[in-house]
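K.L.:
got a structure for you, letters missing:
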């Protein structure tokens, strides 16, 4: 049987190498030609990209697909389908599952479940056993199963000596990176939103910015002394961004991400007492939002990651202080980035795509599988095709996720995904999921 052929026609190709108007021919999951006015060959599937951007598939290095343990909120299948509809061809699932991903057999089971999903599903492994912050997980065994990102996400590794030992161990694992949920647990205990003017007004216990800043400062010191790689998950404060900027200038091996919600929304929204606006780290001040935008623009923050955190509807339909933290993100991230960052001129389209695709792919080692790579002959055909000008209204009740806790419900966004291709196979075609 001949290799399947796909022709993506009439698009504006944007990748790390630049921008050009071209058609893209794909044979057997690999890009074979990129040139204007390519003619379809017999039997080719032709995908219309007129008026669209053709980009490397988006890569989300922080999602929670809740499997195993909370399949009522999300599964690998539904989460991957939602991600594909958002233009993502690869994701990294966080290990705060039940049981946690601190065991090679559990990691392997999750990877097996993701094998036939609508995007490339990878996992992060725990830094410590049970995410308790006391004893290192078997990092080498997890690494041998393909894990490259290690984190106790949802919990901070508060013990500095344990974190130092993790950095030292990871040095023996090529490409491994330690990622931290940077909130000092002693400072945020009992808190439910950003500590500041709004928490005081609302009478809701706060989680101070200093909880993040202090852990980032400590971990940067440990990365500096060990030479290890460090990645800041969902960075949310101006102070932490300044620390990362200074550390990069010194040559410390540090990268950072922020979420769409932290770069757009503020703690003032918590005045509604709607738990959809509750997350950890919490939404911050307008000054923090401005600082994150500047940090994205100057490259201090490398990636945009969604921290996609679905919750079954009944768990969010409780008082603010009783609700679990977290928001949906994979289906709206691209639209939020275009509407709130590209259209106002904070980022160019190429900068936004870098933060959503090739930069996070490099951080998590997914570039080795062709994710985020240039759209050139010989490269894997992981592609996202979207119309940057199409306007659409977010309807949380119609999202592909099993859950509905989107803070962007009702927002009108620019940028709609038309096609998502994984290894040249359409996972989304004309806006509709194919599996």
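P.N.:
Nice, thanks for sending it over. Not measured: the values here are computed from a predicted model. Numbering: from 1, shown residues only.
K.L.:
what distance do you get for the closest residue to residue 45 other than its chain neighbours to residue 338?
P.N.:
Nearest non-adjacent residue to residue 45, counting by C-beta to C-beta, 6 or more residues apart in numbering: residue 6, 4.8 Å away. C-beta here means a position set from N, CA and C on the backbone, and glycine is covered the same way. Separation of residue 6 from residue 338 (C-beta to C-beta, to the nearest Å) stands at 25 Å.
K.L.:
quick one, what contacts the closest residue to residue 318 other than its chain neighbours?
P.N.:
Spatial nearest neighbour of residue 318, excluding adjacent residues (C-beta to C-beta, 6+ apart): residue 275 at 6.8 Å. Shown in contact with residue 275 (C-beta atoms under 8 Å, 6 or more residues apart in numbering): 316, 317, 318, 319, 320, 323, 405.
K.L.:
that older thread, for the residue nearest to residue 45, give its distance to residue 310.
P.N.:
From residue 6 to residue 310 the distance is 31 Å (C-beta to C-beta).
K.L.:
and stretch 214-233, what's buried?
P.N.:
For stretch 214-233, the neighbour count (16 or more other C-beta atoms under 10 Å) marks 214-216, 218-220, 222-224, 226, 228-233 as buried.
K.L.:
now, those that are in strands?
P.N.:
230, 231, 232 (DSSP state E).
K.L.:
ranges for the helices of the stretch 1-150 of the chain?
P.N.:
76-85, 104-114, 139-144 (DSSP state H, counting those that start in this stretch).
K.L.:
repeat that for the stretch 151-300 of the chain.
P.N.:
Using DSSP H, counting those that start in this stretch, helices in the stretch 151-300 of the chain cover 160-170, 185-188, 197-202, 209-226, 238-250, 286-298.
K.L.:
winner for burial among those?
P.N.:
helix 209-226 (a mean of 20; mean count of other C-beta atoms under 10 Å).
K.L.:
what packs against that helix?
P.N.:
helix 160-170, strand 177-180, helix 185-188, strand 230-232, helix 238-250 (3 or more C-beta pairs under 8 Å, 6 or more residues apart in numbering; DSSP states H and E).
K.L.:
where in the stretch 101-250 of the chain is pLDDT low?
P.N.:
For the stretch 101-250 of the chain, no stretch is flagged by pLDDT under 70.
K.L.:
ok, back up a step: closest to residue 354 out of the contacts of residue 275?
P.N.:
residue 405 (28.3 Å; C-beta to C-beta).
K.L.:
pLDDT at residue 1, what is it?
P.N.:
At residue 1, the pLDDT value in this model is 41.
K.L.:
chain center to stretch 210-227: distance?
P.N.:
22 Å (C-alpha atoms, centre = their mean, to the nearest Å).
K.L.:
so which of residue 6 and residue 310 has more stuff around it?
P.N.:
residue 310 (31 against 23; other C-beta atoms under 10 Å).
K.L.:
from what I can see that one touches residue 326, true?
P.N.:
Yes: the criterion here is C-beta atoms under 8 Å, and residue 310 meets it with residue 326 at 7.2 Å.
K.L.:
would you mark the buried spots in stretch 41-50?
P.N.:
44, 47, 49.
K.L.:
quick one: which of those residues sit in strands?
P.N.:
Per DSSP E, the subset of those in strands is residue 47.
K.L.:
residue 426: which of the buried residues of stretch 41-50 is nearest?
P.N.:
Nearest member of those to residue 426, counting by C-beta to C-beta, is residue 47, at 7.0 Å.
K.L.:
tell me how far the closest residue to residue 135 other than its chain neighbours lies from residue 152.
P.N.:
Taking C-beta to C-beta, 6+ apart, and ignoring the residues beside it in sequence, residue 135 has residue 129 as its nearest neighbour in space, at 4.9 Å. Look at residue 129 and residue 152: by C-beta to C-beta, they are 10 Å apart.
K.L.:
strands of the stretch 1-150 of the chain, residue ranges please.
P.N.:
5-15, 18-27, 30-35, 45-48, 53-56, 58-63, 88-93, 120-123, 149-150 (DSSP state E, counting those that start in this stretch).
K.L.:
counting neighbours, go ahead and name the busier of residue 129 and residue 152.
P.N.:
The residue with more neighbours, out of residue 129 and residue 152, is residue 152; 31 against 16, by other C-beta under 10 Å.
K.L.:
distance between stretch 146-156 and the chain's centre?
P.N.:
That offset, for stretch 146-156, works out to 13 Å (C-alpha atoms, centre = their mean).
K.L.:
buried sites along it?
P.N.:
Buried residues in stretch 146-156 (16+ other C-beta under 10 Å): 147, 148, 149, 150, 151, 152, 153, 154, 155, 156.
K.L.:
same check, this time on stretch 94-108
P.N.:
Of the residues in stretch 94-108, those buried (16+ other C-beta under 10 Å) are 94, 95, 96, 97, 100, 101, 102, 103, 104, 106, 107.
K.L.:
over to stretch 320-329?
P.N.:
320, 323, 324, 325, 326, 327, 328, 329.
K.L.:
and what of stretch 304-324?
P.N.:
Going by neighbour count (16+ other C-beta under 10 Å), the buried part of stretch 304-324 is 304-312, 315-316, 320, 323-324.
K.L.:
quote the end-to-end distance of it.
P.N.:
22 Å (C-alpha to C-alpha, to the nearest Å).
K.L.:
mean confidence for it?
P.N.:
Mean predicted lDDT for stretch 304-324 stands at 97.
K.L.:
how is the chain divided into domains?
P.N.:
What automatic domain parsing lists as the domains of the chain is 5-54+378-433, 57-369.
K.L.:
my guess is residue 305 contacts residue 64, does it?
P.N.:
No: using C-beta under 8 Å, residue 305 makes no contact with residue 64, being 11.3 Å away.
K.L.:
which stretches of the stretch 251-400 of the chain form strands?
P.N.:
254-258, 303-304, 383-393.
K.L.:
what pairs with the first one, parallel or antiparallel?
P.N.:
Strand 254-258 sits in its sheet next to strand 230-232 (parallel), strand 303-304 (parallel), going by DSSP bridges.
K.L.:
perfect, that will be all.
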